[in-house]
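> fold the stuff below for me.
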Amino acid sequence: MSSLNDLADDKLQHILMFTLKKLALNTVDITEVEALSLQQYLKAAAGNIKLIYSESLDVLRFLAVLNMPSNSSIRERFRLNSSKLGIIEQVWKDNRHLLCNDATTRLTDLVTNSDWITHIEVGNHWCSRHITPITLLQIASENSHEQKDDILEVEFSHESLYHFLIQLDAIQAQLDEAK
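The predicted structure is shown next:
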């Protein structure tokens, strides 16, 4: 049973907001002054403060990774009551933007070049009548936060390339809908 279940609703909201702000600042370690302040506000034992904070940190990290997982997955993973799930969901929806500021977003890679080549083996006495065309796709990207270039090489058969292109079309359709 999660220690977050034992908190009053307003106190749960307070610890979640405190934890979100710590995550937004990339300083997840709790100081003694902060622990004492939380202990006084939550009226909890000194030993429970770090546990409560740690559990709220785990829940918010889980939400940040999965954006908004189902209530059942949160309930099962953290053993939270339904009333607490509603509070967590509302705090997350209202304040998740705190984690999306310039200081916390990761610099993305930039695709700088792409190239492809198709290989067809036309004659091989070991594999007569088994022609397998292969396409090699090479994507070069510039890693802006480490200042280095990365090269990704992917080999496709005709069937796997076809499925890949269908997936790209689906992604493009979702991006078009989001505009």
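> show me what the helix or strand of the chain with the lowest mean pLDDT pairs with in its sheet, parallel or antiparallel.
Lowest by mean pLDDT, DSSP states H and E among the helices and strands of the chain is strand 109-119, with a mean of 78. Here strand 109-119 is paired, per DSSP bridges, with strand 134-143 (antiparallel).
> just the residues contacting the strand it pairs with, thanks.
109-120, 148-158, 161 (CB atoms under 8 Å, 6 or more residues apart in numbering). To be clear about C-beta, it is placed using only N, CA and C from the backbone, and glycine gets the same treatment.
> switch the cut-off to 10 Å
Strand 134-143 has contacts (CB atoms under 10 Å, 6 or more residues apart in numbering) with 107-121, 148-158, 160-161, 164.
> please apply the same query to stretch 54-61.
With contact meaning CB under 10 Å, 6+ apart, stretch 54-61 is reached by 2-5, 7, 12, 14-20, 22-23, 28, 30, 74, 77-80, 84-85, 88, 91-92, 95-96, 99.
> for that stretch, buried residues please.
Within stretch 54-61, the residues scored as buried using 16 or more other CB atoms under 10 Å are E55, S56, L57, V59, L60.
> any chance of a markdown table for those residues, columns distance to I139 and pLDDT?
Formatted as a markdown table, the buried residues of stretch 54-61 follow (distance: CB to CB, whole Å; pLDDT from 0 to 100):
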| residue | distance to I139 | pLDDT |
| --- | --- | --- |
| E55 | 41 | 92 |
| S56 | 40 | 92 |
| L57 | 36 | 92 |
| V59 | 37 | 91 |
| L60 | 34 | 90 |
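> model confidence at A173, what's the number?
On the pLDDT scale, A173 is placed at 89.
> what about the residue nearest the centre of the chain, distance to I87?
Closest to where the C-alpha atoms of the chain average out (CA atoms, centre = their mean) is V65, at 3.0 Å. Using CB to CB, to the nearest Å, V65 is found at 20 Å from I87.
> one more: T19?
Applying CB to CB to T19 and I87 gives a distance of 13 Å.
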